[in-house]
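*Asks:* Mind folding the following:
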Amino acid sequence: MGRTQDFTNSVIYHIRHMESKEVVYVGSTTNFSQRKTKHKYNCNHEGKECFTYPIYSHIRDNGGFDCFEVIPIQSLKLENKTQLLIAEQEEIDKHQTLVNGRKAHVTIEEKRIDHIESTKKWSEAHKAEYKQYQKKYREANQDYHKEKSKTYYQSNKAEIIEKYKQKIECKFCHKLKTKGNMLRHMKTCQSKPKEEN
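*Replies:* Numbers count the residues shown, from 1 in each chain. Sure thing, here's the model as predicted:
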């Protein structure tokens, strides 16, 4: 089991170019000296997966790690990782020129919006194949659904008949028609505007 993090020693830090003082990365840690060493190692050791991270590519493309400094900008006494990530995200939001790969903290609402957007993109990209899937599903299961509808009708026949006998008002001519006849009436209603036909 790993060492428990002490969030009372939390640090928010910048990686910035020594000459231009441009902040290119915001990070957070509970062990600043170790994190600083790890950044340098990850940037310079090609075998590591993180060697290709945008921040390390940017550092190498701009003179290498010796042209950058990792500086603590805020010391915090916190209780947990969520608080630390929120503090890091607040600092990230203050800078426009960062090479951070992703957000440190995402709210539930941001996750929900991201999920909706990615679902929308997936639906657009797979519209044709999804239509094909639906068609195949309907064809393969039509007997099952017919039987299910028949069983439901037999079990609820009296209620269904009573429901269709109820009278409702046409929204165009205001005549009372049974629910069962309303659809047919709507197609031929003389009071319906032409664009609705």
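*Asks:* From now on I want contacts and neighbour counts done on CA atoms only, so please keep to that.
*Replies:* Noted.
*Asks:* Quick check: mean pLDDT of the helix ranked longest in the chain?
*Replies:* The longest helix of the chain (DSSP state H) is helix 127-155. Throughout helix 127-155, pLDDT has a mean value of 85.
*Asks:* One more: stretch 78-93?
*Replies:* 93.
*Asks:* Now tell me what touches the worst-scoring helix or strand of the chain on mean pLDDT from outside.
*Replies:* Using mean pLDDT, DSSP states H and E, helix 108-125 stands out as the lowest-scoring helix or strand of the chain, at a mean of 77. Identification of contacts with helix 108-125 by CA atoms under 8 Å, 6 or more residues apart in numbering yields Tyr130.
*Asks:* rerun that using 10 Å as the cut-off
*Replies:* Helix 108-125 has contacts (CA atoms under 10 Å, 6 or more residues apart in numbering) with Thr107, His126, Lys127, Glu129, Tyr130.
*Asks:* Nearest to Met18, out of those: which one, please.
*Replies:* Thr107 (33.3 Å; CA to CA).
*Asks:* How is the protein partitioned into domains?
*Replies:* Domain segmentation of the chain under automatic domain parsing yields 7-110, 159-192.
*Asks:* Format those as TSV; extra columns: mean neighbour count and distance to Asp143.
*Replies:* Shown next, in TSV, are those (neighbours: other CA atoms under 10 Å; distance: least, CA to CA, whole Å):
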stretch	mean neighbour count	distance to Asp143
domain 7-110	16	42
domain 159-192	14	22
